[in-house]
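K.L.:
okay, sequence plus prediction incoming.
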Amino acid sequence: MPKIHSPDVRRVLAERLRYYNELGIYDFYRRPQPPASNLAIAEPDLDEPAPPPQPEQREEMPRKSAVIAKPASENIFQVLHPKPEQNVADPVAALKLVREDLGECTRCKLHKQGRKQIVFGVGNPQADLMFVGEGPGADEDAQGEPFVGRAGQLLNNMIKAMGLRREEVYIANVVKCRPPGNRTPERDECDTCSPFLMRQIAVIKPKVIVALGAVAAKNLLAINAPMVELRGRFYDFMPTGARSSDPSWQGAKLAVTYHPAFLLRDPRQKGEAWKDLQMVMKCLGLKLPGKPE
Ligand code: SF4
């Protein structure tokens, strides 16, 4: 039985990975090694997806779209398949490459469920602050820009209250196509689309990311917890599989707050959201209201 690092197996794996890369899938995890007595590794069945992990393993394995703190160590797959925007210093050009790679995407079923257009993201490609929502709604789908409806107006007000302009931050979503009827994007849709968000983050290299709502938070952090537990602290965040070309960027701080659409439904929570934004402002060194310079 050939070893996994034999030239033939490596070549076949490289071809398979190139295929996955073309689908926009870049992140791969290696299961823990079995005990030495069981080290005879079966050749992987390259035509069949790996069986899903057992529930207890799934709980421990980060989702492929994100990881908290440090990324998984480099492996031959990432060396073999650098992303097109890597080593492109100009963030505008690098984001353009990510967008081109996304193309007229049909990678998940949202492409055939009534989307008018892909909503990639908008804002400053070198923003210190990035907002991430869950997915486009009807207004965003029509205009091709995230957060342009009523919830977008509220987000604009939140940004303004922080002393910033919308043009100074970057805004994107976990999925880039509108889910039908504004339903919550499903797990497979998030998993398929979020690698492109990770690549946007790696290009922009924000100091702080604000996850807007539970869907964005859970997808970015791979934590299944209620909002009340997710809010009120920073998480160290590094996008998995999307390396920054800048060795000085060690990832972002990530905070969680309520989605503006939720705040429209329950304005009583605006005070709590403002606490979250003040925490972010402090981290970014922005002047807090009522405090002298
Ligand atoms: S949601 Fe993302 S992965 Fe799915 S079709 Fe749209 S761009 Fe592609």
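P.N.:
Yep, that arrived.
K.L.:
which stretches of the protein form helices?
P.N.:
7-22, 55-60, 76-80, 91-102, 138-143, 150-161, 187-204, 214-221, 227-230, 260-265, 270-284 (DSSP state H).
K.L.:
for the record, mean pLDDT for the longest one?
P.N.:
This predicted structure assigns helix 187-204 an average pLDDT of 97.
K.L.:
go on, the shortest one?
P.N.:
The predicted model gives helix 227-230 an average pLDDT of 95.
K.L.:
what does the stretch 1-150 of the chain have sitting close to the ligand?
P.N.:
Within reach of the ligand by C-beta under 6 Å from any ligand atom, the stretch 1-150 of the chain has these residues: Leu102, Cys105, Thr106, Arg107, Cys108, Leu110, His111, Ile118. (Each C-beta comes from the backbone N, C-alpha and C, glycine too.)
K.L.:
one more pass at 5 Å, please.
P.N.:
Neighbours of the ligand within the stretch 1-150 of the chain, by C-beta under 5 Å from any ligand atom: Cys105, Arg107, Cys108, Leu110, His111.
K.L.:
how many neighbours does the last one have?
P.N.:
If you count neighbours by other C-beta atoms under 10 Å, His111 ends up with 15.
K.L.:
show the contacting residues for it.
P.N.:
Counting by C-beta atoms under 8 Å, 6 or more residues apart in numbering, His111 makes contact with Cys105, Cys177.
K.L.:
OK, contacts around the nearest residue to Lys109 once chain neighbours are set aside?
P.N.:
In space, and not counting its chain neighbours, Lys109 is closest to Glu189: 6.9 Å by C-beta to C-beta, 6 or more residues apart in numbering. Applying C-beta under 8 Å, 6+ apart, we find Glu189 in contact with Cys108, Lys109, Leu110, Val175, Pro179.
K.L.:
distance of Glu189 relative to Arg199?
P.N.:
Glu189 is 17 Å from Arg199, where distance means C-beta to C-beta, to the nearest Å.
K.L.:
over to Glu168?
P.N.:
From Glu168 to Arg199 the distance is 21 Å (C-beta to C-beta).
K.L.:
do Leu288 as well
P.N.:
33 Å.
K.L.:
what does the stretch 151-293 of the chain put close to the ligand?
P.N.:
So the stretch 151-293 of the chain meets the ligand at Val175, Lys176, Cys177, Thr192, Cys193 (C-beta under 5 Å from any ligand atom).
K.L.:
so Pro180 touches Gly135, yeah?
P.N.:
No. Taking contacts as C-beta atoms under 8 Å, Pro180 lies outside contact range of Gly135: 10.8 Å.
K.L.:
more crowded one of these two?
P.N.:
The residue with more neighbours, out of Pro180 and Gly135, is Gly135; 25 against 11, by other C-beta under 10 Å.
K.L.:
who has more neighbours, Leu288 and Arg199?
P.N.:
Shown here are Leu288 and Arg199; by other C-beta under 10 Å, Arg199 has more neighbours (27 against 11).
K.L.:
let me see the contact set for that one.
P.N.:
With C-beta under 8 Å, 6+ apart, Arg199 has these contacts: Lys83, Glu85, Val98, Asp101, Pro239, Ala242.
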